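In: prediction below, plus the sequence it came from.
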Amino acid sequence: MGEPAVMKSVKYVVLFLLIIQFLLPSGLRLSNVYHNRLDYDKVKSNLHDIGAVMEQIQKEVKRKDLKDYIVILGDSILFGSPGNSNQVINAYMEQEQGAPAIFNLSLPANQPGDIYTMMLMMDRYGLSSDNLILNIRYASFIERDPYPSAVFWLQDELRKYDREAYDRVLPQLKSAGYKPPSSLYDRYKHMLHEQIMPSLELFRYQDFIKKGINYNYKHLVNEPIPDDALGDTRPWKEKDFADFMTDESLINSFSDKAFVMTEESPDIYFLNKMIAHQKGKRTLFLLSGTNHEMMSEYVTKPGYKMNLELIDRYMANQPVGYVNLEGRMSNDLFTDHTHFIPAGYEELADVIWTEWNRRP
């Protein structure tokens, strides 16, 4: 007696899924998932996209036998907010004579804990951190009381790759609203979404498949591809910041209270972890600068200047490259208090490239 039709169908479906599982990653190219930086709109709703991008970068490195490539890890500044993906520092740096491939894995709102976790993810996906550019910012050293969380995006990934660090900062994460799975059902749901489903390539690449279909459709009907800028890139003097300047989170980010520069601070703890990870590697830390004209009320305070000196002294004692960008860029190149217009990012790229090549 023949096999029931239902069983045949199930076998074909399973076979199809197995084929997809093994062939999908190799059938894609880096351009399908990455253009000069992560896709923020996709990543913020599905953090597993980061792993998919890392996987494709690693395949690109092998396929092209890339040597001495640079990876950039940072927050919205190195990401290039609010401009589009053609206006980021790595796009400008790659135009320099002799520049290697440069991959930008920065993400807006990244905290030191996120950046450290992304370094561990790079290890997991076989991406070299031998040449690494990172940024820190003044606000990262301000006491978290309780916001923002010391790990904004990647709490689950930190738990997976460095349980000791996760347990160390868990009280702070909880105080800022993070809720780890507790009940049996929550743990099952968490395992399903964070471990089982991401192991399926069709799930991991679903955002990029949908994006590719959408782009192909727009091309077919002669519709323009939407710009991927995150906001208004005009110079700050052309905008109205009246409400923004009274925002409590902005004011808190320029606190002149003396910084705690020991591992009592989760930020120093994660910085020490990052620096230890980079032992013997070529690493450049950037302290992001501020629009001094716009934020003059805050940057002129003695406590603010003293805190900058504390950061400089801390970094001077570390075996990594360090550049303090405070006051380095013209105020006219800013689009707000800390981000740049496209011409600002182009100039910043030149500054970073020069500093990178000054260091062995």
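Out: Cool, got the structure.

In: got the contact list for Asn90?
Out: By CB atoms under 8 Å, 6 or more residues apart in numbering, the contact set of Asn90 is Asn36, Arg37, Ile70, Ile72, Ile102, Phe103, Asn104, Ala349. Every C-beta, even on glycine, is put in place using the N, C-alpha and C of the backbone.

In: can you count the residues close to the fifth one?
Out: Same thing as Ile102. By the criterion of other CB atoms under 10 Å, Ile102 has 22 neighbours.

In: count the neighbours of Ala101 for me.
Out: 16.

In: please list the members of the contacts of Asn90 that lie in strands.
Out: Secondary structure assignment by DSSP state E places Ile70, Ile72, Ile102, Phe103, Asn104 of the contacts of Asn90 in strands.

In: next one: Ala276 from Gly74, what distance?
Out: Note on Ala276: its distance to Gly74, by CB to CB, to the nearest Å, is 19 Å.

In: compare those two and say which is more crowded by neighbours.
Out: Taking neighbours as other CB under 10 Å, Ala276 and Gly74 compare with Gly74 leading, 26 against 11.

In: how near is that one to Ala52?
Out: 20 Å.

In: now swap in Lys179 and tell me
Out: Taken as CB to CB, the span from Lys179 to Ala52 is 26 Å.

In: can you list the weak-confidence ranges in the chain?
Out: 1-29, 188, 190, 192-193, 196-203, 217, 360 (pLDDT under 70).

In: so which residues of it form strands?
Out: Going by DSSP E, the chain shows strands at 70-73, 102-104, 131-136, 282-287, 321-324.

In: to Leu271, which of those strands lies closest?
Out: strand 131-136 (7.1 Å; CB to CB).

In: quick one, helices of the stretch 51-200 of the chain?
Out: 76-79, 89-93, 112-124, 155-161, 163-175, 184-191 (DSSP state H, counting those that start in this stretch).

In: using CSV, list the CA coordinates for the shortest one.
Out: Pointing back at helix 76-79 there. Listed next in CSV are the C-alpha coordinates belonging to helix 76-79 (Å, rounded to 0.1, in the frame of the first residue of the first chain):
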residue,chain,number,x,y,z
SER,A,76,25.0,56.4,17.0
ILE,A,77,28.0,58.7,16.3
LEU,A,78,30.2,56.0,14.6
PHE,A,79,27.0,54.6,13.1
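
In: tell me the buried residues in that helix?
Out: Neighbour counts using 16 or more other CB atoms under 10 Å place Ser76, Ile77, Leu78, Phe79 of helix 76-79 among the buried residues.

In: OK, contacts around Phe259?
Out: So Phe259 contacts Phe141, Ile142, Ser265, Asn307, Leu310, Ile311 (CB under 8 Å, 6+ apart).

In: quick one, phi psi at it?
Out: phi -70, psi 150 (degrees, to the nearest 10).

In: how far away is it from Trp353?
Out: 30 Å.

In: what's the answer for Glu194, then?
Out: Taking CB to CB, one finds Glu194 at 38 Å from Trp353.

In: tell me which of those two has more neighbours.
Out: Between Glu194 and Trp353, counted using other CB under 10 Å, the more crowded position is Trp353 (22 against 16).

In: quick one: contacts for the more buried one?
Out: Applying CB under 8 Å, 6+ apart, the residues contacting Trp353 are Met93, Glu96, Ala99.

In: buried subset of these, written for ChimeraX?
Out: To isolate the buried ones among the contacts of Trp353 in ChimeraX, judged by 16+ other CB under 10 Å, type:
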select :93,99
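
In: looking at the contacts of Trp353, which is nearest Asn252?
Out: Distance to Asn252, by CB to CB, is smallest for Met93 among the contacts of Trp353, at 32.8 Å.

In: OK, contacts around the closest one?
Out: Met93 touches Ile70, Ala99, Ile102, Ala349, Ile352, Trp353, counting by CB under 8 Å, 6+ apart.

In: where do the helices sit along the stretch 251-360 of the chain?
Out: Under DSSP H, counting those that start in this stretch, the stretch 251-360 of the chain gives helices at 266-277, 296-299, 302-316, 342-358.

In: picking up where we left off before, in a markdown table: the contacts of Asn90, plus distance to Val299.
Out: Below are the contacts of Asn90 laid out as a markdown table (distance: CB to CB, whole Å):
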| residue | distance to Val299 |
| --- | --- |
| Asn36 | 31 |
| Arg37 | 28 |
| Ile70 | 30 |
| Ile72 | 26 |
| Ile102 | 30 |
| Phe103 | 33 |
| Asn104 | 28 |
| Ala349 | 24 |
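
In: greatest separation within those residues: which pair is it?
Out: Using CB to CB, the contacts of Asn90 span at most 14.6 Å, a distance reached by Phe103 and Ala349.

In: let me know how buried Phe241 is, in neighbour terms.
Out: 14.

In: my read: it touches Met294, true?
Out: Yes. Counting by CB atoms under 8 Å, Met294 is a contact partner of Phe241 at 7.3 Å.

In: joint contacts of those two?
Out: The contact sets of Phe241 and Met294 overlap at Asp336 (CB under 8 Å, 6+ apart).
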